[in-house]
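*Asks:* Got a sequence here, can you model it:
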Amino acid sequence: MKKIFTIMAALLLVSTGAFAQKRWTNLVVNGSMEGEQDPTWSSFWCHDWRRGVEFDPATGQQYDGGDTEIGQFQGFAEIVEDPANPNNHCARVIIRTEEQADETGNKIKPDGSSSLASWDSQFFIYANEVIPSGKLVKMTLKVKGEKDGMFETQAHWTPGDYNHYQLFGNINYTTEWTTVEVEATVSTDHTKEADGKFFQSVAFNLSTMTDGNTVYFDDIRLEVKDQEEAHELEGWFNFLRKGTLSDDKVNGYTNFTGRDGATGQDTQARIVNDPVDGEPALNVTSIGFNAKNEVKTAITDEEGNPVLDEEGNPTYDISYQDIYIKENGDTLKVQNGGFGIDDWQTQFFVTIPHKFVTNQHYKVVFSARADKPAQIQSQIHRNPGDYLFYQMIGNFDLTEEWQTFEIEDNTISSDQNGGYTIAFNCNVLKEANNYYFRFDEFCANSADVKDEERVLASETIKLPVPAVDKDVNAEVDMTAAVETLSIDNLLAFANDNTMKVKKEEGYTEGLQATTGVFLDENGLYTEEENGIILTLDEDNTVGNKAVFNVANIGVEWAADKTADTKILFEEEGWCYLYNITFVSEEVYNAGLLGVNSTSVAKKNSGIIYDLTGRKVAKAGKGLYIMDGKKFISK
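*Replies:* Next comes the predicted model:
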């Protein structure tokens, strides 16, 4: 029997996920670089190497040391036409080469190094108010260079008044405009509160390459909002849905990453069959102080023929070459060059798409072993390699046998605030070794987990909106959702409490796909009686081919109108997201949208529903729905 009816208001609960919403506030002026520059204030400052700048000393601008020939310019960022688009303006920063710095004799050198310091050229976002610790800060911008490059981000008070070496991590750019969006939680280190300082500027250290560059910035926003407080513990949500064998990618996060010492490169961690018990395990390999690459060179005679041993096998000369590794983009020799291996030269990372806040509960359960006894350390990072704090869940002594470690109901300290990756340092032993891991749980308090953090995957679809007081069917292949959520039966699943629909803030809760939902003309959930009624049609749904019925009750929908909504299908706390765009039936049927099929729903069914969506045998007095139209029974 076909069920098309709306959900009762009593079932429409506000999502229990995460925290109360707070609004972002932008703290920069003229981020588009298109407005007039204030002669005494700008949100964008730089230390670069352009010449011939005329300025009013009252603005605080200057050439370092008063030398206009070789001094560093320190003042408002230069606003220029975009070289690729004269109609667009952007900020430009000139980065000198190391050779130019040597010629002028005023090269800024980091301690113990002759190389050009990364802060030799800088660009600053100068907020129009100080930002205290505990705030969430989000930076959005576009960046490109005349050459590919990378810059570091630091926290300063005023531009050049350094507070902390790390804020948003390192950011890569290319010769094409790239959009960057990053977030961080402001710590007491960023503000230097103990020294009576503040945080008001984001500093970009641009001289990370020695051959110079010109870098452009545009469409900059620096936004803040209050940090959200964690709930009391309400149970655990495990982000490692399938543990060690998980191939889930949640919001682009791969749970397990390995940095093998020999290469220094981060890649998705290897899954191997453990030599001890033959079961799957995650593996990284450390490197020792005295490790060398063995090189075998075939021995040949004067004519180039292989020299064979007594058993007729080819013979070889064996030699050993020093191993080189990568650190911060530089090639370093492990041996004979006085270079010592850090504990973190080999690392194993476990990442989740949930940023912890101070005092938040978490739980970790994992097993580990090594080919020979060794200790590993744990840190908390943002992304793998984006270090936050030296301590996360402690240090662990591993043996050749598997051990299980349970870290039960710990809480996040202020130093760990904003992290979402456990990093294990595996080069403490300073010997070549194999480390094996199995992870069962990395849990957050379920009350703190937001809906978007539960999304395993998503896709975008179009659905048609018919004329007023009509309805239409559209087929959607839900195979990807079924496979991602590990669902056996689509219809049985759809009859469970599985669907969440976008509201102004958050999602509705407790909906069934076959009971339908009212949406307004903007695609958001509404409790109004007029609207778009979206329902899964049980009678026409076969296998994973879902048929959605879209009914229009009183909404005027122009041919060129569109509206977007989001629907989450949930199974055991995990979600699959559909980004839905509603278009007119005419546009949908034009066949330009990549939609598989559409069919007109049967009319004149004679089936009557009340306004809560319940089917009724006979209409009493009141307002009812039949064939997608409202009518009054007297």
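*Asks:* which residues of the chain score low on pLDDT?
*Replies:* For the chain, the stretches flagged by pLDDT under 70 are 1-22, 109-114, 246-247, 262-264, 289-294, 319-340, 591-634.
*Asks:* one more time with 80, if that's ok
*Replies:* For the chain, residues meeting the criterion pLDDT under 80 lie at 1-22, 108-115, 228-230, 245-254, 261-266, 287-295, 318-342, 510, 529, 591-634.
*Asks:* longest strand of it?
*Replies:* In the chain, taking DSSP state E as the definition, the longest strand is strand 211-226.
*Asks:* how distant is it from the center of its chain?
*Replies:* Centroid separation for strand 211-226 versus its chain: 18 Å, with Cα atoms, centre = their mean, to the nearest Å.
*Asks:* where along the stretch 1-150 of the chain do the helices fall?
*Replies:* 98-104 (DSSP state H, counting those that start in this stretch).
*Asks:* quick revisit: next SSE after the longest strand of the chain?
*Replies:* Downstream of strand 211-226, the next assigned helix or strand under DSSP states H and E is strand 236-238.
*Asks:* what are the pairing partners of the following helix or strand past that next one, and which direction each?
*Replies:* Where DSSP H and E defines the elements, the next helix or strand beyond strand 236-238 is strand 249-250. According to DSSP bridges, strand 249-250 forms sheet pairs with strand 253-254 (antiparallel).
*Asks:* After the strand it pairs with, which helix or strand is next? Please name it.
*Replies:* Assigned by DSSP H and E, the successor of strand 253-254 is strand 256-259.
*Asks:* Can I get that following strand in PDB? Just the C-alpha atoms.
*Replies:* Output in PDB follows, covering the C-alpha atoms of strand 256-259 (Å, rounded to 0.1, in the frame of the first residue of the first chain):
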ATOM      1  CA  PHE A 256      45.000   6.000   9.200                       C
ATOM      2  CA  THR A 257      48.200   7.600   7.900                       C
ATOM      3  CA  GLY A 258      51.800   6.500   8.100                       C
ATOM      4  CA  ARG A 259      55.100   8.300   7.800                       C
END
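*Asks:* Please tell me how far the helix or strand following it is from the chain's geometric centre.
*Replies:* Remark: after strand 256-259, the chain's next helix or strand is strand 266-268, criterion DSSP H and E. Strand 266-268 has its average C-alpha position 16 Å from the chain's average C-alpha position, going by Cα atoms, centre = their mean.
*Asks:* Paired strands for strand 266-268, with orientation please.
*Replies:* Here, using DSSP bridges, strand 266-268 pairs with strand 256-259 (antiparallel).
*Asks:* which of the residues in the partner strand are buried?
*Replies:* Neighbour-count burial for strand 256-259 flags F256, T257, G258, R259 (criterion: 16 or more other Cβ atoms under 10 Å). All C-beta atoms are positioned from the backbone trio N, CA, C, and that covers glycine.
*Asks:* Just the closest of these to Q265, please.
*Replies:* R259 (6.8 Å; Cβ to Cβ).
*Asks:* can you tell me which residues contact the closest residue to the closest one other than its chain neighbours?
*Replies:* Spatial nearest neighbour of R259, chain neighbours left out: Q347 (4.3 Å); criterion: Cβ to Cβ, 6 or more residues apart in numbering. Applying Cβ atoms under 8 Å, 6 or more residues apart in numbering to Q347 gives the contacts G258, R259, V284, P384, G385, A423, F424, N425, C426.
*Asks:* cutoff 6 Å now
*Replies:* Neighbouring residues of Q347 by Cβ atoms under 6 Å, 6 or more residues apart in numbering: R259, A423, N425.
*Asks:* next one: T188
*Replies:* Contacts of T188 by Cβ under 6 Å, 6+ apart are S133.
*Asks:* List the neighbouring strands of the longest strand of the chain plus their orientation.
*Replies:* strand 25-26 (antiparallel), strand 85-97 (antiparallel), strand 135-145 (antiparallel).
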